[in-house]
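In: Provided below for reference: sequence and predicted model.
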Amino acid sequence: MLEKVAWVTLLYDFYGQLLTEKQQKFLELYYEDDLSLGEIADKFTVSRQAVHDSLKRAVQILVKYEEELGLAANFTEQRSKVAEALALAEEFLLSPNSVDGFKKIKQIKELLLEIMETVKK
């Protein structure tokens, strides 16, 4: 799995609009702008604990949405398959007349079909 910051950022990209404005702002400042709890607290004239609690709750909400909908995991899986297909295509282009050429094309086709199946869901 992605490291926590990258994972939370990905979840935020998918579900962030479902959070309150304050939760959105805190997440952006903490995870994207790399501000500390204290810096965010000073900016909003709240306690560090209030920022911590808000961030914790927001992440819990994002995780809950992901558990129910699975959009980020599906995206990550599709992206991985596309990367694998691209790598196979690159290998094929480097030696198109090799014995494995047909096998690589078949693998690319299978990966693309898998991606298409997940898109239909």
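Out: Nice, I can see it. Every value quoted in this text rests on a predicted model; they were computed, and no experiment measured them. Numbering: from 1, shown residues only.
In: tell me which helix or strand of the protein sits lowest on mean pLDDT?
Out: Ranked by mean pLDDT, DSSP states H and E, the weakest helix or strand in the chain is helix 101-120, scoring a mean of 80.
In: Show me what that helix is packed up against.
Out: helix 71-94 (3 or more Cβ pairs under 8 Å, 6 or more residues apart in numbering; DSSP states H and E). Just so you know, the C-beta spots here come from the backbone N, C-alpha and C atoms, and that holds for glycine as well.
In: how many degrees apart are the helix it packs on and helix 101-120 in direction?
Out: 160 degrees (axes from the mean of the first three to the mean of the last three Cα atoms, to 10 degrees).
In: where are the low-confidence patches of this structure?
Out: 1-2, 96, 98-99, 119-121 (pLDDT under 70).
In: So it: which segments form each domain?
Out: Using automatic domain parsing, the domains assigned to the chain come out as 4-69, 73-120.
In: Including mean neighbour count, could these go into JSON lines?
Out: JSON lines is the format used below for the domains of the chain (neighbours: other Cβ atoms under 10 Å):
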{"stretch": "domain 4-69", "mean neighbour count": "16"}
{"stretch": "domain 73-120", "mean neighbour count": "13"}
